[in-house]
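Student: Starting from these lines, generate the structure:
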Amino acid sequence: MDEKQKTVIVVGAGASGLMAAIQAARAGARVTVLDRETKPGRKLLRTGNGRCNLTNTGSLTGVYHGQDRSFAAKVLENWTVADTLRFFEGIGVHTMSRGGWIYPYSDQAESVLQDLLMAAEECGVRIKNREAVERVRKVMGKFKVETATWTYEADAVILACGTRAGIAEKDNTAEPAGIAERMGHTVIRQLPALVPLTVEGAGKLGWAGVRVNGSVRIISGRELIAEESGQLQLTEYGISGIPVFIASSEAVRLLDSKAPVYAELDFFPDGTERELAELLHERHVSTPLRSLRKLLVGLFPEKLIPALTEGSPDLISLAERAKHFRVRVTGHQGAKVAQVMSGGISTDEIDPRTCMSRLIPDLYITGEMLDIDGACGGWNLQFAWSTGALAGRSAGGAEET
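Tutor: Numbering: from 1, shown residues only. Here you go, the predicted structure:
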């Protein structure tokens, strides 16, 4: 064994952990990955509804959230989307674009995971499953990584443990950020993000199962907090769909602060309120014998019509309701169904060039553990790839470029 070869322990075999392990090994380190799951990459297999939306070639503007949103941009300057695409092509993942949303050509997350695992094996990475890390300490310049059965020693440690997003409530595993918190790092309160929202009286609206193009505005007091457009999904408990997911992070944080939160839904995004009122008037003139509900058939989804016509509003009021359908947001579906969590380790304590702790040399923190969460479209995976790559290269001893 080369005494000069660095020993790196990666905690977590998710997206950022596997990327970090490969990069550290390629930089010359001896790398072991410790993961609590029975198999690596469990959450990666669920991304993009099983198709794995790898990254996105669109604009970064407004994509990432956190107390310091600029941190994500700095990270992506040091490991870019182009770097990610080159990496995946290099390990055998051919990609395709759907409007800038990048997927594997196979359209299967499983193939991405298999290529990552083959790349890790080819550069000598060891992966140990069912090895839950309970504590990490630094003693006289060396890290002690403790599990229930063993204590591993390392020159550098990469924490890529993820969050509780997508983990069933019956799994009582502690929040992964706690490992770093016990080492002195600050944790911003973690809350579900990219999550469906519950709204008051949703069950009585009768709209469950409706999918409709529209927009959602999150409002607190008189302030517009967030606005997103796309396909809305209406459920027996509330609202879902990509626009709701993207806006949910802001809504959940407001709810956590006990602020009143409302969602204003626009079910006629292709025209103004006046244009909709004129259209309704024209339909009424051409079919004067139709009831108010029948007047809307062919214009709005059938299961949405009762909610729009409740109380028999006049046509002007109906147009206003369809453009500004306001409901009170009461909560969310929880971490078990959230795609990611907002909050995490304060990025003030992390170097965006390497993802190394500013508090503890040779300790690195990546991906979901950090106080950054992104919009739908591959942005959270891109942040995982970038932070994992930077941490792995630095921990493994690669020179900064």
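Student: Tell me how many other residues surround Trp385.
Tutor: Trp385 is flanked by 29 other residues according to other Cβ atoms under 10 Å. The way it works is simple: take the backbone N, C-alpha and C, and place the C-beta from them, glycine included.
Student: does it belong to a helix or a strand, and which?
Tutor: Taking DSSP states H and E as the definition, one finds Trp385 inside helix 379-396.
Student: as a whole number, average confidence for that helix?
Tutor: Average pLDDT, helix 379-396: 98.
Student: just stretch 287-305 next, same as before
Tutor: Rounded mean pLDDT across stretch 287-305 is 95.
Student: Show me the contact partners of that stretch.
Tutor: 206-212, 234, 267, 279-280, 283-284, 306, 308-309, 312-313, 318, 322 (Cβ atoms under 8 Å, 6 or more residues apart in numbering).
Student: Ok, stretch 97-112 next?
Tutor: In contact with stretch 97-112 (Cβ under 8 Å, 6+ apart) are residues 44-48, 50-58, 85, 88, 93-96, 377-378.
Student: Could you do stretch 143-157 as well?
Tutor: 6-11, 24, 29, 32, 34, 131-138, 142, 362-364, 395-396.
Student: Of those residues, grab the buried ones for ChimeraX.
Tutor: Selecting only the buried entries of those in ChimeraX, with 16 or more other Cβ atoms under 10 Å as the criterion:
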select :6,7,8,9,10,11,24,29,32,34,131,132,133,136,362,363,364,395,396
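Student: out of the contacts of stretch 143-157, which are inside strands?
Tutor: 7-11, 32, 34, 133-138, 142, 363-364 (DSSP state E).
Student: thinking again about what came up before, now the buried members of the contacts of stretch 287-305.
Tutor: Here, 16+ other Cβ under 10 Å leaves 206-207, 210, 212, 234, 267, 280, 283, 308-309, 318, 322 buried among the contacts of stretch 287-305.
Student: Out of these, the closest to Ala20 would be?
Tutor: Leu234 (40.2 Å; Cβ to Cβ).
Student: Isn't the closest one up against Val210?
Tutor: Yes: between Leu234 and Val210 there is a contact under Cβ atoms under 8 Å: 4.2 Å.
Student: which of the buried ones among the contacts of stretch 287-305 lies closest to Thr387?
Tutor: Leu234 (35.6 Å).
Student: about what we covered before: which single one of the ones in strands among the contacts of stretch 143-157 is nearest to Ala120?
Tutor: Val10 (9.9 Å).
Student: gap between the closest one and Met356?
Tutor: Distance of Val10 to Met356, computed by Cβ to Cβ, to the nearest Å: 14 Å.
Student: now the helices for the chain?
Tutor: For the chain, the helices defined by DSSP state H occupy 15-26, 70-78, 81-91, 109-122, 178-181, 202-205, 242-256, 273-286, 292-295, 305-309, 315-323, 379-396.
Student: How far does the fifth one sit from its chain's centre?
Tutor: On the basis of Cα atoms, centre = their mean, to the nearest Å, helix 178-181 is displaced by 21 Å from the centre of the chain it belongs to.
Student: What residues sit buried inside that helix?
Tutor: Applying 16+ other Cβ under 10 Å to helix 178-181 flags 179-180 as buried.
Student: If you count contacts, what does that helix end up packed against?
Tutor: Counting contacts by 3 or more Cβ pairs under 8 Å, 6 or more residues apart in numbering; DSSP states H and E, helix 178-181 is packed against strand 133-139, strand 187-193.
Student: Quick one: those strands as CSV, columns for mean pLDDT and distance to Val63 too.
Tutor: Listed next are the helices and strands packed on helix 178-181 as CSV, based on pLDDT from 0 to 100; distance: least, Cβ to Cβ, whole Å:
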stretch, mean pLDDT, distance to Val63
strand 133-139, 96, 31
strand 187-193, 95, 13
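Student: Including distance to Ser248, could those go into JSON lines?
Tutor: Shown next, in JSON lines, are those (distance: least, Cβ to Cβ, whole Å):
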{"stretch": "strand 133-139", "distance to Ser248": "30"}
{"stretch": "strand 187-193", "distance to Ser248": "6"}
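Student: Domain map for the chain?
Tutor: Domain assignment for the chain by automatic domain parsing gives 7-188+344-396, 197-332.
Student: what about the last one, how long is it end to end?
Tutor: Looking back up the chat, that one is domain 197-332. 4 Å (Cα to Cα, to the nearest Å).
Student: just how off-centre is it within its chain?
Tutor: On Cα atoms, centre = their mean, the centre of domain 197-332 falls 25 Å from the chain's centre.
Student: Which residues are in contact with the closest residue to Trp207 other than its chain neighbours?
Tutor: Distance criterion Cβ to Cβ, 6 or more residues apart in numbering; nearest residue to Trp207, sequence neighbours excluded, is Leu234 at 4.1 Å. Shown in contact with Leu234 (Cβ under 8 Å, 6+ apart): 202, 205, 207-212, 240, 303-304.
Student: Thanks a lot, catch you later.
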